[in-house]
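Asks: build the 3D model from these lines:
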Amino acid sequence: LGPGDEFRPQLQQRQPQQQQQQQPQPQQLVVRRAQHFARRLRLRGVLRVMIRETTTPRANWREDCEEIGFSYHSIDGTYWDESRCYRFTWEEIDALEAAAAELHARCLDAAEHIVTRNRFDALAIPKAWQERVARSWRSKELSLFGRFDFAYDGKGPPKLLEYNADTPTALLEASVAQWRWLEQKIRPTNPDADQFNSLHEKLIASWRAFAVTWSEGTPVHFTCAGESEEDRGNLDYLRDVATQGGVDTRFIAIEDVGWDATAGVFVDESNEEIRVLCKLYPWEWLAGEDFGPNLLASSLRVIEPAWKMLLSNKGLLPILWELFPDHPNLLPAYFEPGRIRGDYVEKPLLSREGANVVIHKDGQTIAADGEYGEEGRIYQAYAPIPRFGDDYVTIGAWIIGDEPAGIGLREDASPITRNTSRFVPHYFT
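Replies: Numbers count the residues shown, from 1 in each chain. This next block holds a predicted model:
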């Protein structure tokens, strides 16, 4: 590791045991499925939907979070919140998993449509970048991950609010932190409890798949905005699973990414060529960096690939509705105002963490501050966000590679999920 590199390897030492627990033998899977089926038979005729339970936090929860590199557990006061949790049924988890798989497939259909029909302008993708994005899509560059945000209360189909397809965070929380909570808090008294969470093993498998597509020994440089503790924590976790997948990893702050004009390559602080870059830094920000124009012709491989600019853009939502009208997991959405009867939401094309989202509901307006919107907006029908007590909850459904891999829940006093929204663990029975 380079000077000042504080990469934490703890999960590498601890995780094999966790992997063994999460990857039962085929016979065990059969037994587990049979047990769940039996419980479903016993519950037949009894309506049970997702519920929020209050719990007593573990005495050592702070130390446990910090042991895995989750140092930002109390950012902005309370972020990780295990004083409550959500309990699902097996059927509800099935519905969330099916919705994530279905919407992933439909988003890929939409990407193909945008490229073949040359609809980049609708997404405000700069002219200079449109061919770069199209080339990335046609080359079928591999994707690592993404996170759908759903409105779901267990009573109807999950509704897509947006797709965090480029720089999804809350990964360490969803993967390791809430799994350890399940093992330590729930399973001692409820050994049949489970969690929709195969994130860790799927991430390792994806990195192994990535590694065979480049020359042996090629290092992967990982970058984010250096001042963000949350981004750095998520990035360190991505490095951890990549290392377990056999990848040589290096950290580089985004401001230290250099360009060797003579060689025509990107370089790190040691003047070593950067061949593969894994970023938690939006593509539109990359394009705006001083080195951005060099990305257009460079052979640098970037994770997530440039075609993810098509799916991380809110302009995806009206295109999905246009292609798949009345889809049970979609909400009506349009580029033009005035087409939605009733309550609706304005969303900037490139908004992140709820910035500049405006809800128009029952004649009232709820708006979030921010610096987005000049690039354009879309208009989406309002979906009621489930409310438990004084808190609204949204569900983030993860895609790793091409497969659903788990969920994480965020609570907030506002129906707009923001950077300060709390992460709450879950389990199902």
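
Asks: and residue 296, backbone torsions?
Replies: phi -70, psi -40 (degrees, to the nearest 10).

Asks: if I look at it, how far off is residue 128?
Replies: 7 Å (Cβ to Cβ, to the nearest Å). In this view, the C-beta of every residue, glycine as well, is placed from N, C-alpha and C.

Asks: also residue 211?
Replies: 32 Å.

Asks: quick one, which of these two is more surrounded?
Replies: Between residue 211 and residue 128, residue 211 has the larger neighbour count (other Cβ atoms under 10 Å), namely 19 against 11.

Asks: so what's the backbone phi/psi at the more buried one?
Replies: According to degrees, to the nearest 10, residue 211 has phi -60, psi -30.

Asks: quick one: the strands in the stretch 101-250 of the chain?
Replies: Per DSSP state E, counting those that start in this stretch, the stretch 101-250 of the chain carries strands over the ranges 145-151, 159-164, 220-224, 249-251.

Asks: confidence score at the closest residue to residue 83 other than its chain neighbours?
Replies: Once flanking residues are discounted, residue 83 sits nearest to residue 57: 5.6 Å by Cβ to Cβ, 6 or more residues apart in numbering. Model confidence at residue 57, given as pLDDT, is 98.

Asks: mind checking which helix or strand the residue nearest to residue 157 when sequence neighbours are not counted is in?
Replies: With sequence-adjacent residues excluded and distances taken as Cβ to Cβ, 6+ apart, residue 157 is closest to residue 328, at 4.4 Å. According to DSSP states H and E, residue 328 maps onto no helix or strand at all.

Asks: quick one: the helices in the stretch 101-250 of the chain?
Replies: Using DSSP state H, counting those that start in this stretch, the helices found in the stretch 101-250 of the chain span residues 127-138, 171-172, 178-181, 199-211, 229-244.

Asks: can I get these in JSON lines with distance to residue 378 and mean pLDDT?
Replies: Formatted as JSON lines, the helices of the stretch 101-250 of the chain follow (distance: least, Cβ to Cβ, whole Å; pLDDT from 0 to 100):
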{"stretch": "helix 127-138", "distance to residue 378": "19", "mean pLDDT": "96"}
{"stretch": "helix 171-172", "distance to residue 378": "26", "mean pLDDT": "97"}
{"stretch": "helix 178-181", "distance to residue 378": "32", "mean pLDDT": "98"}
{"stretch": "helix 199-211", "distance to residue 378": "29", "mean pLDDT": "97"}
{"stretch": "helix 229-244", "distance to residue 378": "26", "mean pLDDT": "95"}
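
Asks: those helices: which one's closest to residue 405?
Replies: helix 199-211 (4.6 Å; Cβ to Cβ).

Asks: and the closest one, what other elements does it pack with?
Replies: Helix 199-211 is packed against helix 10-22, helix 229-244, strand 391-400, strand 403-412, with contacts defined by 3 or more Cβ pairs under 8 Å, 6 or more residues apart in numbering; DSSP states H and E.

Asks: any chance of those in a markdown table with mean neighbour count as columns?
Replies: Shown next, in a markdown table, are those (neighbours: other Cβ atoms under 10 Å):
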| stretch | mean neighbour count |
| --- | --- |
| helix 10-22 | 13 |
| helix 229-244 | 22 |
| strand 391-400 | 24 |
| strand 403-412 | 23 |
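
Asks: could those be laid out in CSV, adding distance to residue 97?
Replies: Below are those laid out as CSV (distance: least, Cβ to Cβ, whole Å):
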stretch, distance to residue 97
helix 10-22, 16
helix 229-244, 21
strand 391-400, 8
strand 403-412, 5
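
Asks: nearest to residue 111, of these?
Replies: strand 391-400 (13.5 Å).

Asks: the closest one versus strand 159-164: what angle between them?
Replies: On the basis of axes from the mean of the first three to the mean of the last three Cα atoms, to 10 degrees, strand 391-400 is oriented at 60 degrees to strand 159-164.

Asks: work out the gap between strand 391-400 and the centre of the chain.
Replies: 9 Å (Cα atoms, centre = their mean, to the nearest Å).

Asks: what does stretch 300-311 give?
Replies: Centroid separation between stretch 300-311 and its chain, computed with Cα atoms, centre = their mean, is 15 Å.

Asks: same question, stretch 227-247
Replies: 14 Å.

Asks: and the helix or strand hosting residue 319, what's buried?
Replies: Assigned by DSSP H and E, residue 319 falls within helix 316-323. Neighbour-count burial for helix 316-323 flags 316-321 (criterion: 16 or more other Cβ atoms under 10 Å).

Asks: just the residues you listed now: which is nearest residue 389?
Replies: Checking these one by one against residue 389 (Cβ to Cβ), the nearest turns out to be residue 317, at 29.4 Å.

Asks: tell me the contacts of the closest one?
Replies: 160, 162, 330-331, 333, 347, 378, 380 (Cβ atoms under 8 Å, 6 or more residues apart in numbering).
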